[in-house]
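Visitor: based on what follows, work out the 3D shape:
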Amino acid sequence: MKKIYTLAIFTAILLGCAGTSQEQAANKMLEMQQQKNELIEKGVVAGLGVGESSSEQLAYDEADLNARTDVARELESKINGLVRNYEEDVGAELTKHKEAVRKNVVSTLLNGVTIVKIDMETTADGKFKVYAIAAMNARLIRDAFEQQMQAQQADMNRVKAMSGYKKLDEEAAALDAYKAAQGK
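Guide: Below you'll find the predicted structure:
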């Protein structure tokens, strides 16, 4: 009988020390957030996503999607920084093109996002809770952004050249009209 009481007390102590499932979930979230921050400090664009469902696959899919969404938010802020730096280097005439460029870069680069860490636990109510960290190398972002900006610059140069030719044609037509009026 003493053994049963001792075992019951020992079990109660262990359960009390283990913490609640909410505390464990918060600890897991903090741990995954720390791992995400470590990746970001290394220059990697990273995002954290959590998914919870009674279906394991749906929980994985939700965590994956949420992690990619977090990466997209990170990209948005990084792209804004790159736009400002690029405008300082190139000049303000690219200002009207930055919105389209940013959207193109974000939609293109999300294809290169990979899940680098995934962890799963089962909640007290039997659901699956999945934590996922998605990451992308920042160099890929910069390269894609610069390619897009170079394409935009080439388009602007073509427009300027066509405008110059049009102006030249107008001046030539005016000269021809002047000569015709003078009888020459």
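Visitor: what residue ranges in the protein score low on pLDDT?
Guide: Applying pLDDT under 70 to the chain picks out residues 1-22, 25, 77-111, 138, 141, 184.
Visitor: for it, just list every one of the strands.
Guide: All strands of the chain, identified by DSSP state E, fall at 44-53, 114-122, 128-137.
Visitor: let's have the ones you listed in JSON lines, adding distance to residue 173 and mean neighbour count.
Guide: All C-beta spots, glycine's among them, are computed from the backbone N, C-alpha and C. What follows is the strands of the chain, written out as JSON lines (distance: least, CB to CB, whole Å; neighbours: other CB atoms under 10 Å):
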{"stretch": "strand 44-53", "distance to residue 173": "54", "mean neighbour count": "21"}
{"stretch": "strand 114-122", "distance to residue 173": "59", "mean neighbour count": "15"}
{"stretch": "strand 128-137", "distance to residue 173": "54", "mean neighbour count": "23"}
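Visitor: can you put those in TSV and add distance to residue 146?
Guide: Shown next, in TSV, are those (distance: least, CB to CB, whole Å):
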stretch	distance to residue 146
strand 44-53	16
strand 114-122	22
strand 128-137	15
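Visitor: and of those, who's closest to residue 32?
Guide: strand 128-137 (4.7 Å; CB to CB).
Visitor: what pairs with the closest one, and is each one parallel or antiparallel?
Guide: Using DSSP bridges, strand 128-137 pairs in its sheet with strand 44-53 (antiparallel), strand 114-122 (antiparallel).
Visitor: between strand 128-137 and the longest helix along the chain, find me the angle.
Guide: Using DSSP state H, we find that the single longest helix of the chain is helix 138-182. Relative orientation of helix 138-182 versus strand 128-137 (axes from the mean of the first three to the mean of the last three CA atoms, to 10 degrees): 50 degrees.
Visitor: if we can go back for a sec, who wins for proximity to residue 167 among the strands paired with strand 128-137?
Guide: strand 44-53 (44.5 Å).
Visitor: pull the closest one out as PDB, backbone CA atoms only.
Guide: The C-alpha trace of strand 44-53 is given here as PDB (Å, rounded to 0.1, in the frame of the first residue of the first chain):
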ATOM      1  CA  VAL A  44      18.700  33.800 -44.500                       C
ATOM      2  CA  VAL A  45      15.100  34.900 -45.100                       C
ATOM      3  CA  ALA A  46      13.000  32.700 -42.800                       C
ATOM      4  CA  GLY A  47       9.500  32.300 -41.700                       C
ATOM      5  CA  LEU A  48       7.700  30.400 -39.000                       C
ATOM      6  CA  GLY A  49       4.300  28.700 -39.400                       C
ATOM      7  CA  VAL A  50       2.000  26.700 -37.100                       C
ATOM      8  CA  GLY A  51      -0.800  24.400 -38.200                       C
ATOM      9  CA  GLU A  52      -3.300  22.500 -36.100                       C
ATOM     10  CA  SER A  53      -5.800  20.000 -37.300                       C
END
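Visitor: picking up where we left off before, please name every helix or strand in contact with the longest helix of the chain.
Guide: Contacts defined by 3 or more CB pairs under 8 Å, 6 or more residues apart in numbering; DSSP states H and E place helix 138-182 against strand 44-53, helix 56-90, helix 98-109.
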